[in-house]
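Novice: sequence and predicted structure are below.
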Amino acid sequence: MAANPTVKRRQLGVELRRLRLASGLKSTEVAERLMVSQPKISHLENGNRAVSPRDVRDLCALYGVTDQQVIDPLMAMAAESGQRGWWHSYGDIPQSTYIGLETDAVYLHTYEPMLVPALLQTPAYAHTVIEEAAPQLTAEQVATRLKVRLRRQHRIHDPARPLRLSAVLDESVLHRVVGNPEIMREQLEHLNSLGAEPHITVQVLPYTAGAHACLSGQFAILQFADSPAGVVYVERFDSDLYLEKPSDVVTFSVMHDQMQAKALDAVDSRDVIADVIKTYIGAAIRY
């Protein structure tokens with residue numbers, strides 16, 4: 001499998017930060033000595049930008065790192081971090097960092113209070129969501145974002161390493177009519193079909209569950225095969241959050257576990273979805 005530049009950038013950033021802390025230098029001191037801006041150092045350590053081999057060389061020299069067995073792997077990661085992921089071929093698209101993480105994740109736990117998760121959406125449902133959520137987009141831009149979303153879904157169908165997905169959906173997701181009743185019928189049938197797959201779990205959190213730990217909104221927890229640490233992704237209208245502190249990952253993991261315990265199990269959830277599908281069949285006939 002090709003190296004994932006997003007994941008490599010974040011792995012390299014963690015290592016560079018570890019070496020800086022070991023050297024006793026503050027990021028402002030590093031920036032001053034290398035005659036670069038402090039935000040650049042932060043971006044490199046946070047994995048928000050590609051790291052060049054020259055950056056690695058200069059930083060290692062400043063941190064007093066001379067062992068080639070340490071430097072060479074960092075240089076290799078730097079070279080890989082500059083590559084382009086498949087999503088870059090679609091131009092400047094939102095959530096590109098998240099897509100890079102999602103592409104490499106092995107587990108994804110998510111809570112969705114408003115909409116069907118992007119990886120489980122039908123083309124018609126996804127098109128409507130994209131179009132309505134960003135009315136300023138041109139038809140061409142909507143089409144491009146739809147292509148990206150459908151391409152992302154390849155990840156859950158990869159026969160070699162299918163993404164293990166656990167989704168808890170608020171019951172309101174089933175009743176919020178996106179598009180029209182026919183689109184909703186098709187979407188919920190698709191949701192039930194995917195929920196029957198062994199690597200996908202869909203649970204409905206019923207209205208009767210009342211108040212719960214996730215009333216503040218959507219989140220996703222991504223976990224990776226080569227790293228014990230995960231990443232919590234919180235989507236926001238103006239800026240997305242990526243939380244990587246172990247304590248944050250644990251907090252959100254506990255929250256997701258609590259949501260699963262409050263939600264209907266997978267079988268009962270499919271039964272509830274099937275009942276809602278019947279209402280859309282009748283509504284589609286009258287539509």
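Specialist: It's in.
Novice: please enumerate the strands of this structure.
Specialist: In the chain, the strands defined using DSSP state E lie at 107-112, 164-170, 200-205, 219-224, 227-234, 241-243.
Novice: send me the top helix by length along the chain as PDB with only the CA atoms.
Specialist: Longest helix of the chain, by residue count under DSSP state H: helix 266-286. The C-alpha trace of helix 266-286 is given here as PDB (Å, rounded to 0.1, in the frame of the first residue of the first chain):
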ATOM      1  CA  ALA A 266     -27.600  -3.900  16.200                       C
ATOM      2  CA  VAL A 267     -30.500  -6.300  15.600                       C
ATOM      3  CA  ASP A 268     -33.100  -4.000  17.300                       C
ATOM      4  CA  SER A 269     -31.700  -1.000  15.500                       C
ATOM      5  CA  ARG A 270     -32.300  -2.700  12.100                       C
ATOM      6  CA  ASP A 271     -35.900  -3.400  13.200                       C
ATOM      7  CA  VAL A 272     -36.400   0.200  14.100                       C
ATOM      8  CA  ILE A 273     -34.900   1.300  10.800                       C
ATOM      9  CA  ALA A 274     -37.100  -1.100   8.900                       C
ATOM     10  CA  ASP A 275     -40.200   0.300  10.600                       C
ATOM     11  CA  VAL A 276     -39.200   3.800   9.600                       C
ATOM     12  CA  ILE A 277     -38.600   2.600   6.000                       C
ATOM     13  CA  LYS A 278     -42.300   1.600   5.800                       C
ATOM     14  CA  THR A 279     -43.300   5.200   6.600                       C
ATOM     15  CA  TYR A 280     -41.100   6.500   3.800                       C
ATOM     16  CA  ILE A 281     -42.600   4.000   1.300                       C
ATOM     17  CA  GLY A 282     -46.100   5.300   2.000                       C
ATOM     18  CA  ALA A 283     -44.900   8.900   1.900                       C
ATOM     19  CA  ALA A 284     -43.100   8.400  -1.400                       C
ATOM     20  CA  ILE A 285     -46.300   7.100  -2.900                       C
ATOM     21  CA  ARG A 286     -48.100  10.400  -1.900                       C
END
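Novice: Thr27 - how many residues pack around it?
Specialist: To be clear, residue 27 is Ser; Thr isn't right here. By other CB atoms under 10 Å, 17 other residues sit near Ser27. (Each C-beta comes from the backbone N, C-alpha and C, glycine too.)
Novice: show me where the stretch 101-250 of the chain has helices.
Specialist: 123-133, 139-152, 154-157, 172-175, 181-195, 246-262 (DSSP state H, counting those that start in this stretch).
Novice: Phe219: which of those is closest?
Specialist: helix 246-262 (5.8 Å; CB to CB).
Novice: which positions within the longest helix of the chain qualify as buried?
Specialist: 266, 269-270, 272-273, 276-277, 280 (16 or more other CB atoms under 10 Å).
Novice: below-threshold pLDDT in the chain: ranges please.
Specialist: In the predicted model of the chain, residues 1-4, 226-228, 237-238, 284-287 satisfy pLDDT under 70.
Novice: the buried residues of helix 266-286 into CSV, with extra columns for distance to Arg18?
Specialist: Listed next are those as CSV, based on distance: CB to CB, whole Å:
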residue, distance to Arg18
Ala266, 41
Ser269, 43
Arg270, 46
Val272, 47
Ile273, 46
Val276, 50
Ile277, 51
Tyr280, 53
